[in-house]
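*Asks:* heads up, no residue letters with this:
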């Protein structure tokens, strides 16, 4: 972007080499408060290999298997699965009873509405097609000539 200065020669510098110093932690692991000495000094064993070399080292005690702990007859996982299944069946049974109850209630309401319609319809039919004659009670009004003026009835 800017032109370089040509009146001066650039200074030649020696390359700088940076060498980082590694950080060492003060305590890479927690050291015990007191050194623990083994109770007895193990015996040193020497083994002569087939090619004549001698290997010397401490004898290692064979690994002792851990004592077998008596396992329960039924595992906890099996008990949890069984209890979950019992709870699931209880919920499903409750939902089945709830849907059965709702279905029965719907059927009852439908029957009551049908019964009310039949009874009310029968009452209407009796009123219309009743066996009463014309002379039996009631009021009969015969209007021959009537004049209606301004919402008033003149006979």
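*Replies:* Noted; the coordinates are in hand. Quantities reported herein were computed from a predicted structural model and do not represent experimental measurements. Numbering: from 1, shown residues only.
*Asks:* Residue 50: which element?
*Replies:* Residue 50 is located outside every helix and strand, with elements delineated by DSSP states H and E.
*Asks:* Ok, residue 47 next?
*Replies:* Using DSSP H and E, the element containing residue 47 is strand 44-48.
*Asks:* who does that strand pair up with?
*Replies:* Its sheet considered, strand 44-48 pairs with strand 54-58 (antiparallel) by DSSP bridges.
*Asks:* What lies in contact with the strand it pairs with?
*Replies:* Under the criterion C-beta atoms under 8 Å, 6 or more residues apart in numbering, residues 42, 43, 44, 45, 46, 47, 48, 49 lie in contact with strand 54-58. Quick note: C-beta positions are derived from backbone N, CA and C, even for glycine.
*Asks:* what's downstream of that strand, the next helix or strand?
*Replies:* On the C-terminal side of strand 54-58, the nearest following helix or strand under DSSP H and E is helix 76-128.
*Asks:* elements contacting that following helix?
*Replies:* When contacts are defined as 3 or more C-beta pairs under 8 Å, 6 or more residues apart in numbering; DSSP states H and E, helix 76-128 packs onto no helix or strand at all.
*Asks:* Looking at the contacts of strand 54-58, which one is closest to residue 128?
*Replies:* Checking those against residue 128 by C-beta to C-beta gives residue 42 as the nearest, at 118.7 Å.
*Asks:* low-scoring stretches of this structure, by residue?
*Replies:* 1-12, 18, 20, 22-42, 59-60, 131-155 (pLDDT under 70).
*Asks:* and which of the contacts of strand 54-58 is nearest to residue 82?
*Replies:* Using C-beta to C-beta, residue 42 is the member of those that lies nearest residue 82, at 51.7 Å.
*Asks:* Buried only: go through the contacts of strand 54-58 for me.
*Replies:* Neighbour counting with 16 or more other C-beta atoms under 10 Å marks none of those as buried.
*Asks:* from the residues you listed, which two are the most distant?
*Replies:* Spanning the widest gap among the contacts of strand 54-58 are 42 and 49, at 21.2 Å by C-beta to C-beta.
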